[in-house]
Each structure stands twice: as C-alpha cells, then as structure tokens.
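Novice: What would the 3D arrangement of this be:
(2 chains)
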Amino acid sequence: MADRINSNESEGAFNEFIEDRLEDLVENILNDGNLDTRGSEVIVDMEDIQPPTFSYGDGGQGGGKGQGPGADGEQISFGLPFDQLMELVAKKLNLPDLVKQGQGRIKEVSYEFKTFGTTGVILDKKRTFRRALRSSIGMGSYSPEEEKYDVLIRRRDRRFKLPERVEKPRFRAVVFYMGDISYSTWGERLELEKRLVQFIHHWLDWNYGPGNVEHRFFVHDAEAYEVQAEQFYNVSNAGGTRASIVFDLVSNVAFNEYDTESTNFYGFYFGDGELFDDDAREITSILEERMRPSFNRIGLVEVKPSRASHLNKLVGETFANDRVIRLCDIREKNQTVEVIKKLFGGARAEH
Amino acid sequence: MRSTRTDPAIWELEQRIKYWADEFGRTLPEMRFFILEGMEFASLLEKKVYPVSPINIWEGKSMVSRRYRIQEGLESSIYYEVVQTGNPSYGYLNDTNSPMMQASVIAHVVGHCEFSELNVMHDSDEDRTERVMHICRKVDLGRRQMGDLHYTRYWNAAESVIDLISPNSQYNLARSVDTDAHTMRAQEDPGEAEEREGPYRPFDSTLDALMVLEDRQSAFEREIRQRQRQETLSRRGYKLRAPCQDVLGFLLHYAPATPGEQSVLEYMYTTHKTHDFVIRTQIMNEGWAMYWENEIMHKLFAERAVGDIIDYCRVFAGVCYPRPWFQRNPYHLGYNMWQHIKQLYADGKVSLEYAEETDLDRRSSWKKPDGSDPLKHLEHLVRTVTDYELLRRFLTPELIHEFHLNRLHKRMAQRMGINPRDVVQEDEQHVWLDPVPVKNEMLNFFTHFYRPRIYLIDTDFQDGGLLLFHRNDGRKLREEWIKPTLRNLNMIWKAPVALISGTTLYGFTANTYKETAISEVSFEQVAQRLQRDEKPFNIG
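Specialist: Numbers count the residues shown, from 1 in each chain, chains lettered A, B, ... in the order given. Predicted coordinates:
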C-alpha cells in the first residue's frame, strides 16, 4: 500500500490537459477573469469541466430532481503559473516580443555553474567528499567504532561543477502609467482602467523579468504629480483636467532619471478623453518632439469615452496608424483583449 | 498514511470499540484503520477510496481546485469518515480530528462494515481493495503500452459511461445477454417457456401433441430463429436477449479493446459497481452505522474511554438534522427509522393482531411484547430487504410528518412555487406539505435514482453499430452533452453508436454527428421485439 496518498501525477496530467484548453480560454480570462495574483500564480476562474454523460440538465426543478453531474454555472478556481499564462497570451494574441531594435535581444545569455556531473573540469569538493564518505561507510573502510578512518575517493564519486545556460535580461524597462483622477473617473471606468494596468504590469514584467521593470504612476487633475501604485486609483474631487502637464512631467522624468540608451520606455495614459482648450495640441507636440523618438510604446486609452472626449480624435490627426503611439478606447469589459492587441500588437516597436 | 498502531491512544480506542462491537454480538469482517493527513484525505476521496488509483485528469482537476479552496479557507479539509468495505475493510481517519471524533468514526465504520456483511445484496467481498490495487497496476502497465495521449483520451471516454452501470438491474448483463457459455441457461428462461407452453398444461406428451395445435409455419419460424441465434452466438460470442441496462458491463466484456483499454474499463467497472448497492441501501446503511455508533459511543462515554460528550452531541445532531425528502439525509432518516422499527417490535406492533385492531385507544396504548429480541428482527430486515422495501413497509404519512421529511423552509417553498393549498402546517420559518404524496415520491426515487435510464438494445445497428435507448420518463436529456457522450462511446465501441431519445435518433459515425427524426417507440415495444428475436428498431 502506498505510504503516502497524493495526487501529484494526476494534478500534473490535469495541468497538461488544461494547457490545450487554456489557449481557448485566454480571451475569457483576460476579459472576465479577475487577474488576481498570488505569489507567482494567477488565479484562474473558469467554468467547470466535466466528463459528459447522458444526464438530465434541467437543474433542481420539480422538487430537486435531476441533479445531474453537470450542474451549470459552477466555477472552479486554481492557480496557474504566471509565466505560463503570459506565454499563452503572447501566443494567442500574437503579440510580438518587445525588442529594442539595433541592440540585440532583450535577453542576454550567460553561463552559471548550477548543475553537477560525473565529468568536467572544476571538481565540486564538498559533493565529492560527501559521496566518497558515504561509499566508504558502505564498504566498511570508514568505521570510527572499529577505528577505521580511511575515506577512499573513487573515480565514480567525483562530482564536477557544470555550467548551465542562463538567460538574463539585458535591458531594463520603465513604465509610466498616467491617469486622470478628476472626479469623472470612478466606478466602472476605474475597473476597466485597473484591469488594463494590471495586464500591462504583468505583461512587461514577464517580458523583461520581474526585477527589471520599474513601474511608476503619475496622476493629474488640474496638476500632475507622482503617486504610489495604490494611490493611482484614488480619485480626487478637484474639478478641471489638464492632461498635457502629465505628459510633460513624464517626459522630464524619463530623460532626467534614466539612461535613454539602455532603458526601454513605455507610457500609458488612461483618461476619459475630455479635454480643455488646446490641451490636445500641447500633448501632440510633447509626444512628437520629446517622447516618440525614445519611447518603445505609448498608449493613449480613452476609458468609456463620452461625446466630449476629443483626445484621441485630435491626437489621431497627427498619429494615425503610428507604430509607437497607439490610440484606443475601451467601453466594455469584453473589449480588454481588443485593446491589448491594439496596444501591443502589430509592427515591432522602433525608435 | 500510517497505521493506527503508530498512535497508542487511537489504537487503544480502536481496541475498546472492537471489544464493545463484540459484546453487542456484531458480525464483523477484519477491519484495518489508517490515519491520514488533511490533503491525503482529500486525495483519497478523489481516488474513489482506493489509495493507488491511476492517473487521471478528473482527480487532478478536483485536487487542484480543492487545494486552492482549502488554502484560501473556502473549504475545510475535515472529512469525518471514509471506509472501503469488504473483507478486509479499510477505514481512514483524519489526523486533525479529536480523539472523541476518531472514536465516533471508528464506531460508525463498524456499523458500515457489518451492514456490508449482512445485507441482502451481498455487498461484501474478499480482498476488494487488494483487487483494485492489482487492477491499478494493470492500468499503469496499459498506460505505458497505450502512450499517455491515447490513455488519457480513452480514460476520459470511459468516464462518460460510468453512470451506465447497473449490476443489479432487472436488465443486468446476465439477464439480457446470451453468451456461448450461457446458451443452455438462456433456453431455460421462464418467460419464454411459458410463452411456448400456451394455456394448457397437459400431463402427458401424447395429450400434449393432441391439444397444442401448433401450425407448421410457426414451428418452422422458431426453428429458423433458433438457428440464427446459434449462428450469431458462435460468430460473435454474444447475443442480446433483452435490453441491457448494464452498458459499461457489456462494453467491458464485448467491446473490442486492447489489454490496456480493457484494464481501464475494468477499473471503472470495479470501482463504480458498488455505487448501485450504496444508493439502493443508503438509508438503511447509514442508519445502521449511526445506530451502532451511538450505542458504542454511549459505552465509551460510560467507561470514560473518551470525553467531550457535548461535542459529540453537537456533531450527532448536525449529522442527523432533518431535511426535506428530496434532499435525502440518509443519516437522519435511517437512524430514526431503525429506532422506530425497534420500538415497533419491542411493543409487539408488527403483528396481525395489531394491524386488525380498530379501537384507536387500544392501538395507541398497545404494548404486547412477544418476548423476542427486537434486534434480531432488525438484523432479519437487514438480511432481507433494501431501502425501497423498508420505506414501503414502515414509512407512514404520520412518520413522514414526525421526521419533518415534508418540511420546507419558506424561502425554498417560495422558490419552488409551492401552492399554498398543499401546505398543511406552517410556522414562522417553515411550511409542512401533505405527507401522503411524499411517500410515493420517495419510493419513485428507487426506479430512476434521478438519472436517465439508458439501455443497450442493439449491437448490430446499421452494420455493427451500438444502439442505445433512453427510456422515456417525460424529461429530456441534456442536449449539448449527447454528442460528446456518443463520441466517447464511439471511441470505446470503435464502430458507429446511436441513441434513441424520444422522437430523435442521435448517431455518431466516423467523426460525424447526425440527428434524425423518427417516430417514437416505447420501451415495451423494444423489449418485446428483442424477445421475439426481431430487430428492436429500424429506420423508416
């Protein structure tokens, strides 16, 4: 009888099985899933899958009869390794690798001594001695009770350090999230914004490696200033919106605090797109003159735009179909995937 | 997982319980108890209570989800009792339970093990767990032969047929399929014999010949049919004589399968065939276990072997909480039924004299014990009847009302659209319905178990196809699951499969799914045609 009852193998089989299905589910997860993370896992809620049988599916009608095995609407939740989801996202949404052209791949290859083998150049003395001691005890040549202290190091006891290929990110990235926190941004708008910010956060983390991406949050109402991540969604109740000042601030931060040669810049603006006066013209000029040449990607997202939203329309006059500057709007939760495609899809980012 | 021998306190409790079970004169198989950790426990449940079930994604799915729920605190990992009966029986204890709970679980398992030994359906068999472990090894070997991909597909296909196991049905394998091994027995079928004999029963062969005027035509047809049957049997080794409800049993024996596939089907069949026993005797079984758990625990409390009597009362009351009849709480109903029946025998109320007594006063104050031990009568019931008969015989409308089987929470009644005219009593929170129809509803459960009744009616439908028949009980099958289920069956049978449900014929052949409108045939028609050796169903 088994010493320990566990389900490891079956869980592994399920994970493999689910990988195929997940490809179909990625869009649903991005559109409807909660994208919560727990450690290195993303919590996936999905509709329960069950082996089909001949059953009555009309639920508990008529006095609770017919509770078939496939009670509808049941959800299962489980943690999916974060990398795996992002890989699937990349594959499914056909998103390109984010590459800084002219300077090679994001990842750099190096070799570290991580594994051990029976042949090699650098002897691992500790491991070798431990093995030798073990076999000497086994063979009886080392036995303190009998006052035998011979430790024989046989050829087969030798262990060598072997190099292993390690990919390390070569470039750092910094992401500027810019948000409009004037009083009109709340409720569903905020939810949509959060969802997109979370995705961008995960997506760039995955591409560059979690430690190599700096996420910075900027907000504006009538003024622009930097905030902590958790304050990004706090809505101020100041009226008035000037978006150009946040672009101005971000471009200053980018050029003054980072090395433009080795840093990948990303900027994403979220707002309702309602502008005052000649805001759009100023934004256009900042984008064109200062940000576009150095940024990998700049996204302007109008969240639930109204009739008074003119940002994208006016900016679009200059940057329609631009490779770096992407303009989009999101009205419903289920447009998340579409927006992500618009923001990251298409031609490779250049600068 | 470790044996109870490794824990002196639990080992001592186990010995005390076995001692008391012996004192009460219980008939018990060898019982082995093991202590499991929380996740091991959850895992064991997903393995159908066999510690080494083969790899499958459904177990994986449940465990992945359950692990998440337990970690997030959405679900507790405490499950009180898990037992695999048979001889020897294996009981599994959760190491997070208190000693009092462990004792109650062991005492409960004693009840289950005895029921399994005594019951009329002869559930208990030798080395059940060991046999399944052997099959698991075969499945594991099969997996390596089949390759993981095919293994997973085949396993998933077999999962679809699990509900189609009916080893104790009127239409089980032995009664519905002739094999070359059973040809002789088939000819002795009483139904057929009766049909042949006709209304006369002559005592002498001469008189027989004179009185039964058999025309030559029918004699000739019978001869032909007999020959065809023999030919089919010798060609294929089996022939359907009646609709077969044990579809997985049939596939296990007659579907073309590699040894690996065979072992998967064998595992499915062996591990699930006992469900039929469980569902047919659940009320008696759980009631019996609760009854003996209660008796033994009283002794343990009396001799101070365990403490926490208040906790025990709380757990007991929670388990035996009355629920409406359709939610079936077998613990509550079973325990109270056994107590009630014991009292009936103790008062001598199970007698002709009592049944014929018309004076209400005398009936209510009836106490004429016949001196026999009521327990002997209970054991006799266990040995002779299943739930259906127990309820039919002893459950009265008064008892239904007393046990609150007809009681619904008001919210639930509202949701179910209960007509106020059907309510016979009500308080602030609950309503009580008329108990008389409830009994019939409860008995009806034993004909369908809330599941569709699917029969195998033809094994040579449209050139070697398998034809299944859904017996109409006024409800439709879940439409979107018919196609994937047929596809799975197709994978096992490796030839066309079809299903008749109502006025539609659903077919799956060579990766093509087809629905055809047909005129409805009744189950009786199909059964009669099979009996007459005709095709049970033809299109057009």
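Novice: can I see the domain layout of the chain?
Specialist: I'll assume chain A. What automatic domain parsing lists as the domains of chain A is A:13-46+A:76-89, A:108-166, A:171-344.
Novice: hmm, I had chain B in mind actually
Specialist: B:1-162+B:240-310, B:181-236, B:320-446, B:454-531.
Novice: so the closest residue to A:Arg158 other than its chain neighbours is in which element?
Specialist: Distances taken as C-beta to C-beta, 6 or more residues apart in numbering or on different chains put A:Thr128 closest to A:Arg158, at 5.2 Å, once the chain neighbours are dropped. C-beta: built from backbone N, CA, C; applies to glycine. Using DSSP states H and E, A:Thr128 maps to helix A:125-139.
Novice: List the buried residues in that helix.
Specialist: A:Thr128, A:Arg131, A:Ala132, A:Ser135, A:Ser136 (16 or more other C-beta atoms under 10 Å in any protein chain shown).
Novice: Least reliable of the domains of chain B by average pLDDT, please.
Specialist: Ranked by mean pLDDT, the domains of chain B end with domain B:181-236 at the bottom, a mean of 64.
Novice: other SSEs contacting the strand or helix carrying A:Arg195?
Specialist: Assigned by DSSP H and E, A:Arg195 falls within helix A:188-208. Using 3 or more C-beta pairs under 8 Å, 6 or more residues apart in numbering or on different chains; DSSP states H and E, the elements in contact with helix A:188-208 are helix A:82-92, strand A:172-180, strand A:213-220, strand A:263-271, strand A:295-303, helix A:336-344.
Novice: Give me the buried stretch members for that helix, please.
Specialist: So for helix A:188-208, counting by 16+ other C-beta under 10 Å, buried means A:189-190, A:192-193, A:195-197, A:199-208.
Novice: Can I get stretch A:43-62 in PDB, CA atoms only?
Specialist: Once non-C-alpha atoms are left out, stretch A:43-62 reads as follows in PDB (Å, rounded to 0.1, in the frame of the first residue of the first chain):
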ATOM      1  CA  ILE A  43      -5.900  32.800 -10.100                       C
ATOM      2  CA  VAL A  44      -7.900  31.400 -12.900                       C
ATOM      3  CA  ASP A  45     -11.700  31.100 -12.600                       C
ATOM      4  CA  MET A  46     -13.200  29.000 -15.200                       C
ATOM      5  CA  GLU A  47     -16.400  27.200 -15.900                       C
ATOM      6  CA  ASP A  48     -16.200  23.700 -14.500                       C
ATOM      7  CA  ILE A  49     -15.300  21.000 -17.000                       C
ATOM      8  CA  GLN A  50     -16.800  17.600 -16.500                       C
ATOM      9  CA  PRO A  51     -16.900  14.300 -18.400                       C
ATOM     10  CA  PRO A  52     -20.100  14.400 -20.500                       C
ATOM     11  CA  THR A  53     -22.700  11.800 -19.700                       C
ATOM     12  CA  PHE A  54     -26.300  11.200 -20.600                       C
ATOM     13  CA  SER A  55     -28.000  13.200 -17.900                       C
ATOM     14  CA  TYR A  56     -30.900  15.500 -17.200                       C
ATOM     15  CA  GLY A  57     -29.700  19.000 -17.200                       C
ATOM     16  CA  ASP A  58     -32.700  20.900 -16.000                       C
ATOM     17  CA  GLY A  59     -31.400  21.500 -12.500                       C
ATOM     18  CA  GLY A  60     -33.400  21.400  -9.400                       C
ATOM     19  CA  GLN A  61     -36.800  21.800 -10.800                       C
ATOM     20  CA  GLY A  62     -39.700  19.700  -9.600                       C
END
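Novice: Run the chain-centre distance for it.
Specialist: Taking C-alpha atoms, centre = their mean, to the nearest Å, the mean C-alpha location of stretch A:43-62 is offset from the chain mean by 32 Å.
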